[in-house]
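In: My questions concern the predicted model and sequence given below.
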Amino acid sequence: MTTPFFDVDPILFDGPDSDNPLAFRWYDADRTVLGKTMAEHLRFGVCYWHSFAWDGSDIFGAGTLDRPWNPASRTGDAAMDPMAAAKLKMSAAFEFIDKLGAPFFSFHDIDIAPAGGSFAETCRFFDEMADEAAGHMERTGIELLWGTTNAFSHPRFMAGAATNPDPDMFAYAAAQVAHCMNATHRLGGSNYVLWGGREGYETLLNTDMKRELDQLGRFMNMVVEHKYAIGFQGTLLIEPKPMEPTKHQYDYDVATVHSFLQTYGLADEIKVNIEVNHATLSGHDFHHEVATAVNAGIFGSIDANAGDDRLGWDLDLFPKSVEQMTLGMLEILRGGGFTTGGLMFDTKLRRQSIARDDLFLGHIGGMDTMARSLLAAASIIEDGEIDRRRADRYAGWSNEQRILDGEVTLQALHDAVLGDETFDPQPVSGRQEAIEHVVARHIERIR
Ligand code: XLS
Ligand code: NI
Ligand code: NI
């Protein structure tokens, strides 16, 4: 065993009245809600990249965080052997996730192992670290929610990975994805995520959009073929994002991804990983994106974070708004909840949060927000008033199903309306404010 990195005891549930910042007030893993435990509903995961690989740097300044394994951070040790650093980072990561009590983690290939001098050497480092992860998983019981490939940070991918004008870059990305999928399979991952980091464009003047989308379509079909070739049982997920890093990203939002999947014959094979902050960047509410995915049959998993109303980029804040997340959890529950997916904290500390326990405080707050939102959403469903009101709005259709079944023409409706002089349908109130009050009451009253 290595020396602990965090001077924090395991985080326990202490109830809503607790003042202990290092305890859960709402997340009570074994509490039963709508027939499942909170842990089974929420399936929390901790991300490796922001929490352990990121050093706190931003575009204006250097790494501020206390990450001794990262040479670019405030406490970084440049002399440390890169594999020794990767192992130290991994032991700190598993210590953190274990003490937090989150059942899952997720990683990009480049988060867990250093780059080698060639692709072959990078793969050797990565495989050794994947084995190291297997040991930690065995020891702690923590599971892999998803693996993913970083095919966006290296300069070779500046013009895209699958959508790159150069087929050699496509091949490089394919090799990286195949290798990382194999490791995800070996580690029993529940999902494999593809976020199209640089799959987009800056200007159409140098971009053949149709060709690039065809390349992406072929790439995703290769990913599906590989899944079956290796026998991976998890779900493949695309993570929509409208912009950043490119001006226009091809996986703009859930509806755009659904149309892409249909165009390339992938709608039964790939689902979506919806990130809250990406939803808001695309001009949608988070719950809109969940409902769109549920309707299309492609709901998979969630990156649980939040943006800021006045800043138009992907801030990856820890979620704090119980109202926003209640509306999201309501759509998740209506859709039947998670199967292989879960709530991944694709969240990062603020650059000034440099105390070691800040990482706990961020995650505890996020988990409590989501747990409280689950309770409020479950309370709304159990009470039934909102669903009843919604059903009532459409009650008139129960006698008019033949219209939707295609038995009535446009001309027939015209003739029927023309022929009935008393026909004068009256509008009724949508009752939005009343329903919003119902939501507020549920949030106020849950315990
Ligand atoms: C970036 C994405 C990224 C994915 C994984 O905005 O959210 O973190 O979740 O590559
Ligand atoms: Ni993001
Ligand atoms: Ni994400």
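Out: Structure received. Ligands and ions are numbered 1, 2, ... in the order given.
In: quick one, strands of the stretch 151-300 of the chain?
Out: Per DSSP state E, counting those that start in this stretch, the stretch 151-300 of the chain carries strands over the ranges 191-194, 200-201, 235-238, 248-249, 270-275, 299-303.
In: tell me how far the third one is from the chain's mean position?
Out: Offset of strand 235-238 from its chain centre (CA atoms, centre = their mean, to the nearest Å): 11 Å.
In: Mind listing the strands it pairs with, and their directions?
Out: The pairing partners recorded for strand 235-238 under DSSP bridges are strand 191-194 (parallel), strand 270-275 (parallel).
In: what about these, which gets the closest to ligand 1?
Out: Nearest to ligand 1, of all those, is strand 270-275, at 5.0 Å by CB to the nearest ligand atom. (Each C-beta comes from the backbone N, C-alpha and C, glycine too.)
In: what does that closest one rub up against?
Out: Applying CB atoms under 8 Å, 6 or more residues apart in numbering, the external contacts of strand 270-275 come out as 146, 191, 193, 195, 220, 224, 235-241, 254, 257-258, 261, 286, 289-290, 293, 298-303, 305, 314, 341, 344, 346.
In: Next: stretch 391-402.
Out: For stretch 391-402, the surrounding residues in contact (CB under 8 Å, 6+ apart) are 404, 408, 428, 430.
In: From residue 402, how far off is the second one?
Out: In other words, residue 408. Using CB to CB, to the nearest Å, one gets 6 Å for the distance from residue 408 to residue 402.
In: neighbour-wise, which of those two wins?
Out: Using other CB atoms under 10 Å as the criterion, residue 408 and residue 402 rank with residue 408 on top: 13 against 9.
In: Spell out the residue ranges of the helices in the stretch 101-250 of the chain.
Out: Residue ranges of the helices in the stretch 101-250 of the chain, as given by DSSP state H, counting those that start in this stretch, are 109-112, 119-140, 167-186, 209-230.
In: which secondary structure elements does the second one contact?
Out: The contact analysis (3 or more CB pairs under 8 Å, 6 or more residues apart in numbering; DSSP states H and E) places helix 119-140 against helix 82-100, helix 109-112, strand 143-148, helix 167-186.
In: Could you identify which of the ones you listed is most buried?
Out: For the helices and strands packed on helix 119-140, average neighbour numbers computed from mean count of other CB atoms under 10 Å are highest in strand 143-148, which has a mean of 26.
In: Please see if it touches ligand 1.
Out: Yes - under the criterion of CB under 6 Å from any ligand atom, ligand 1 is reached by strand 143-148 at residue 148.
In: Mind exporting the C-alpha coordinates of that strand to CSV?
Out: What follows is strand 143-148, C-alpha atoms only, in CSV (Å, rounded to 0.1, in the frame of the first residue of the first chain):
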residue,chain,number,x,y,z
GLU,A,143,-16.1,-0.4,-11.7
LEU,A,144,-15.5,1.2,-15.1
LEU,A,145,-18.5,3.2,-16.3
TRP,A,146,-16.8,4.0,-19.6
GLY,A,147,-13.5,4.2,-21.4
THR,A,148,-12.8,6.7,-24.2
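In: what's in contact with that strand?
Out: Contacts to strand 143-148, defined as CB under 8 Å, 6+ apart, come from residues 43, 45, 103-109, 133, 137, 180-181, 183-184, 187-195, 234, 237, 273, 301, 341-342, 344.
In: just the buried members of those residues?
Out: The neighbour-count test (16 or more other CB atoms under 10 Å) marks 43, 45, 103-109, 133, 137, 180-181, 183-184, 187, 189-195, 234, 237, 273, 301, 341-342, 344 as buried among these.
In: Turn the strands of the stretch 151-300 of the chain into a markdown table, including distance to residue 385 and mean pLDDT.
Out: Output for these, formatted as a markdown table (distance: least, CB to CB, whole Å; pLDDT from 0 to 100):
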| stretch | distance to residue 385 | mean pLDDT |
| --- | --- | --- |
| strand 191-194 | 35 | 99 |
| strand 200-201 | 43 | 98 |
| strand 235-238 | 34 | 99 |
| strand 248-249 | 39 | 98 |
| strand 270-275 | 27 | 99 |
| strand 299-303 | 25 | 99 |
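In: Buried residues of the lengthiest helix in the chain, list them for me.
Out: As assigned by DSSP state H, the longest helix anywhere in the chain is helix 358-383. Residues 359-381 are the ones in helix 358-383 that count as buried (16+ other CB under 10 Å).
In: what's near enough to touch residue 282?
Out: With the criterion set at CB under 8 Å, 6+ apart, residue 282 makes contact with 240-242, 252-253, 289.
In: one more time with 6 Å
Out: Listed by CB atoms under 6 Å, 6 or more residues apart in numbering, the contact set of residue 282 reads 242, 253.
In: One more: the one 4 residues further on?
Out: For residue 286, the contacting residues are 276, 279, 328, by CB under 6 Å, 6+ apart.
In: can you check residue 437 too?
Out: For residue 437, no contacting residues are found, by CB under 6 Å, 6+ apart.
In: And it, how far from residue 394?
Out: 22 Å.
In: Check residue 285 too.
Out: Distance from residue 285 to residue 394, by CB to CB: 21 Å.
In: Give me the more crowded residue out of the two.
Out: Between residue 285 and residue 394, counting by other CB under 10 Å, residue 285 is the more crowded of the two (15 against 8).
In: Quick check: residues of the stretch 251-400 of the chain near ligand 1?
Out: Checking the stretch 251-400 of the chain against ligand 1 by CB under 6 Å from any ligand atom, the hits are 275, 303, 314, 346.
In: Does residue 330 touch residue 377 like I think?
Out: Yes - Residue 330 is within contact range of residue 377, at 4.1 Å (criterion: CB atoms under 6 Å).
In: Grab the two from the contacts of stretch 391-402 that are most spread out in space.
Out: Checked with CB to CB, the contacts of stretch 391-402 reach their widest spread between 408 and 430, with 26.1 Å between them.
In: returning to what we had before: mind putting the helices and strands packed on helix 119-140 into JSON lines with distance to ligand 3?
Out: Output for these, formatted as JSON lines (distance: least, CB to the ion, whole Å):
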{"stretch": "helix 82-100", "distance to ligand 3": "17"}
{"stretch": "helix 109-112", "distance to ligand 3": "13"}
{"stretch": "strand 143-148", "distance to ligand 3": "9"}
{"stretch": "helix 167-186", "distance to ligand 3": "16"}
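In: mind putting these in JSON lines, mean pLDDT included?
Out: Putting the helices and strands packed on helix 119-140 into JSON lines (pLDDT from 0 to 100) gives the following:
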{"stretch": "helix 82-100", "mean pLDDT": "98"}
{"stretch": "helix 109-112", "mean pLDDT": "98"}
{"stretch": "strand 143-148", "mean pLDDT": "99"}
{"stretch": "helix 167-186", "mean pLDDT": "98"}
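In: Please consider this matter closed, and thank you.
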